[in-house]
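Chemist: Could you look at this predicted model? Sequence included:
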Amino acid sequence: MSHGTDHSLRSVTLDDVRGAQKMLSGVSRMTAMEGSRHLSQLIGTPVHLKCENLQRTGSFKLRGAYVRIAGLLPEERAAGVVAASAGNHAQGVALASALLGVHATVFMPKGAPLPKISATRDYGADVRLHGQVVDETLAAAQDYADRTGAVFIHPFDHPDIIAGQGTVGLEILEQCPEVGTIVVGIGGGGLAAGIAVAVKALRPDVRIVGVQAEGAAAYPPSLAAGHPVAVPNPTTMADGIKVGRPGRVPFDIVGALVDEVRTVSEDQLAAALLLCLERAKLVVEPAGASPVAALLGEPGPFPGPVVAVLSGGNVDPVLMQRVLRHGMTAQGRYLAVRLRLTDRPGALATLLGVLSVVDANVLDVSHVRTDPRLGLTEAEVELHLETKGPAHCTEVGQALHEAGYTVIA
């Protein structure tokens, strides 16, 4: 393990990962490997889910954080540690610090979900809210480190962090020795790099596929350029992989050892999260569902058996509600329609009767009768419907058309 403020570009070896595994014994869990019958049928080969969403703190981040902090010199531990994170890294650093008796200060964006702020405090960290975006929070944490001498714990750009995350790879080989492909989400690249180091050293034939969200995909242009390239204003619901620039240390490893990096859309992420919840009975955050999104997006070219790493399960309930609705819409199971009708007694009941005949479940009704855009005898209605798929959505539209209603785009 490297010590303290070593910011060298030293790479990571299998021995580093094995050392990290010994260090994590009794600290991190060997998380479950669950078979997915549904995904196996879709892909045409066995698919297993590596459930890091069930890890302590709800994500793989505890592994790297603990190894990094445990490797500090005594005087560095005495100075405390500082980190910046919107959620998973914050909780990993907080718990690792508590277990090692090190004081931790964690900077989080002001808009961070309340459950993540609360959990980080509960693990014993001093939480400070600063900035609206993670870049501002990161700058505040680095400034704090400069002023106080606290050791900055980077979320992915350090050999010890990568070695800790690589223990996931060793567990995959132990739990599924015949694995053919490992699919893993990529943000800064720490988890993918660590898994690649461990797996390729022992099983160079295993294919490793990284997955990024389309709106925050810094790795494809970076790999093409041969050096880390920043993506301005990364946007995705998957905050766990919303990183605008690859880390220097993981970038070289990913470039050398990861076979392919794919991107997935927001619709695919939402559908994957919904599938994990409904079919696997697992609560997974959008970043954790990204490997499943890749399998759903292009199920063909994955040599089996396939292991999809569900990297985390820390999802804000408000976001979960929005994502589930988004996922249901993408699958044709949720339909919003807006139409106008004559403003007379019984008109709304007649409309609802039409929907009842085609078995569309009305979730919400918005009825506007006074608006400058409307004629004197008009009313506008917006309906949110639960439907049974694309064919049922078409059937609902046809029923409304045949009943004389015009749906407004």
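Modeler: Thanks, I have the structure now. In this text, all values refer to a predicted model and were calculated from it rather than measured experimentally.
Chemist: How far away from the center of its chain is stretch 241-258?
Modeler: 17 Å (Cα atoms, centre = their mean, to the nearest Å).
Chemist: Could you check it and say which residues are buried?
Modeler: 241-255, 257-258 (16 or more other Cβ atoms under 10 Å). Yep, even glycine has a C-beta here, placed from its N, CA and C like the rest.
Chemist: so who does residue 390 touch?
Modeler: Neighbouring residues of residue 390 by Cβ atoms under 8 Å, 6 or more residues apart in numbering: residue 332.
Chemist: Quick check: phi and psi on it?
Modeler: phi -60, psi -40 (degrees, to the nearest 10).
Chemist: ok, now residue 379?
Modeler: Dihedral angles for residue 379 - degrees, to the nearest 10 - are phi -140, psi 150.
Chemist: Look up which residues are beta-bridged to it.
Modeler: Bridge pairing for residue 379 (DSSP bridges) gives the partners residue 341.
Chemist: how much space between it and residue 87?
Modeler: 44 Å (Cβ to Cβ, to the nearest Å).
Chemist: So the two - more neighbours on which side?
Modeler: Set side by side, residue 379 and residue 87 show more neighbours around residue 87, with 29 against 19, by other Cβ atoms under 10 Å.
Chemist: Surely residue 239 touches residue 90?
Modeler: No - under the criterion of Cβ atoms under 8 Å, residue 239 makes no contact with residue 90, lying 11.7 Å away.
Chemist: Compare neighbour counts for these two and give me the winner.
Modeler: Set residue 239 next to residue 90 and count neighbours by other Cβ under 10 Å: residue 90 wins out with 31 against 28.
Chemist: So that one, which state does it fall into?
Modeler: Here residue 90 is recorded as helix under DSSP: H, G, I helix; E, B strand; the rest coil.
Chemist: Which strand or helix spans the residue nearest to the spatial centre of the chain?
Modeler: A centroid search over the chain (Cα atoms, centre = their mean) returns residue 287, at 1.1 Å, as the residue closest to the centre. Under the criterion DSSP states H and E, no helix or strand holds residue 287.
Chemist: so it makes contact with residue 216?
Modeler: No - in this structure, residue 287 is not within contact of residue 216 by Cβ under 8 Å, at 9.8 Å.
Chemist: isn't residue 81 right next to residue 105, touching?
Modeler: Yes - under the criterion of Cβ under 8 Å, residue 81 makes contact with residue 105 at 7.5 Å.
Chemist: what do those two both touch?
Modeler: Jointly contacting residue 81 and residue 105 under the rule Cβ under 8 Å, 6+ apart are residue 150.
Chemist: more neighbours, the two?
Modeler: residue 81 (26 against 21).
Chemist: so who does that one touch?
Modeler: 69, 72, 93, 97, 102-105, 150-153.
Chemist: could I get the longest helix anywhere in the chain in CSV with only the CA atoms?
Modeler: Assignment by DSSP state H gives helix 159-175 as the longest helix of the chain. Coordinates of each C-alpha in helix 159-175 appear next as CSV, following Å, rounded to 0.1, in the frame of the first residue of the first chain:
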residue,chain,number,x,y,z
PRO,A,159,-3.6,3.5,-6.1
ASP,A,160,-4.9,2.4,-2.6
ILE,A,161,-8.5,3.3,-3.5
ILE,A,162,-8.2,1.3,-6.7
ALA,A,163,-6.6,-1.7,-4.8
GLY,A,164,-9.5,-1.7,-2.4
GLN,A,165,-12.1,-1.6,-5.1
GLY,A,166,-10.3,-4.4,-6.9
THR,A,167,-11.3,-6.8,-4.1
VAL,A,168,-14.7,-6.9,-5.8
GLY,A,169,-12.9,-8.6,-8.7
LEU,A,170,-11.3,-11.2,-6.5
GLU,A,171,-14.7,-12.0,-5.0
ILE,A,172,-16.3,-12.4,-8.5
LEU,A,173,-13.6,-15.0,-9.5
GLU,A,174,-14.2,-16.9,-6.2
GLN,A,175,-18.0,-16.8,-6.5
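Chemist: OK, contacts around residue 46?
Modeler: Taking Cβ under 8 Å, 6+ apart, we find residue 46 in contact with 35, 40, 304-306.
Chemist: Looking at these, which are in helices?
Modeler: Those of the contacts of residue 46 lying in helices (DSSP H): residue 40.
Chemist: most surrounded residue in the contacts of residue 46?
Modeler: residue 306 (26 neighbours).
Chemist: Report the beta-bridge partners for that one.
Modeler: Beta-bridge partners, per DSSP bridges, of residue 306: residue 47, residue 181.
Chemist: That one and residue 48 touch, don't they?
Modeler: Yes - Residue 306 is within contact range of residue 48, at 7.1 Å (criterion: Cβ under 8 Å).
Chemist: now residue 262, what's its secondary structure?
Modeler: strand.
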